[in-house]
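>>> quick one: sequence and predicted model below, then my questions.
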Amino acid sequence: MGNDPQHRQDRIGRRSDRPQGSGGIVFALVALALILAIGFFYLSNESREDRRADAITQAADSVDNGARIVGEAARNAADKLRNNN
């Protein structure tokens, strides 16, 4: 029982049931997962803003195209009225 690796003793003689040195690895894994999660959030948030900007641009283009069509129709109607008089 004295040489059992599961039951180690520290300098004072206290027994510990957990293996030594695993705290640093767990901390490193948690820190890495946190960094990856934050990076994913910022990357996905940026692409979401790009999609919003694209949607606004497309809507503005649609309004512009509609205004051009209405303008051409008004010009054609005015030309017809002038030609009939």
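Sure thing, it's come through.
>>> what residues are up against residue 77?
Listed by CB atoms under 8 Å, 6 or more residues apart in numbering, the contact set of residue 77 is empty. To be clear about C-beta, it is placed using only N, CA and C from the backbone, and glycine gets the same treatment.
>>> okay, and it sits in which element?
helix 22-84 (DSSP states H and E).
>>> can you give me how far that helix is from the chain middle?
14 Å (CA atoms, centre = their mean, to the nearest Å).
>>> gap between residue 65 and residue 29?
54 Å (CB to CB, to the nearest Å).
>>> go on, residue 82?
Distance, residue 82 to residue 29, using CB to CB: 79 Å.
>>> and residue 46, by the same measure?
Computed with CB to CB, the distance linking residue 46 and residue 29 is 26 Å.
>>> now swap in residue 77 and tell me
The gap separating residue 77 from residue 29 is 72 Å, by CB to CB.
>>> residue 79 now?
Taken as CB to CB, the span from residue 79 to residue 29 is 75 Å.
>>> before we move on, what about residue 71?
63 Å.
>>> also residue 50?
Distance from residue 50 to residue 29, by CB to CB: 32 Å.
>>> again, but for residue 44
Per CB to CB, residue 44 is found 22 Å from residue 29.
>>> for residue 68, same thing?
Separation of residue 68 from residue 29 (CB to CB) stands at 58 Å.
>>> could you list the low-pLDDT ranges of the protein?
1-22, 85 (pLDDT under 70).
>>> what's the distance between the residue most central in space within the chain and residue 36?
Centroid-nearest residue in the chain: residue 44, 1.5 Å away (criterion: CA atoms, centre = their mean). Going from residue 44 to residue 36 by CB to CB gives 12 Å.
>>> equivalent analysis for residue 61, please.
Using CB to CB, we find residue 61 at a distance of 37 Å from residue 36.
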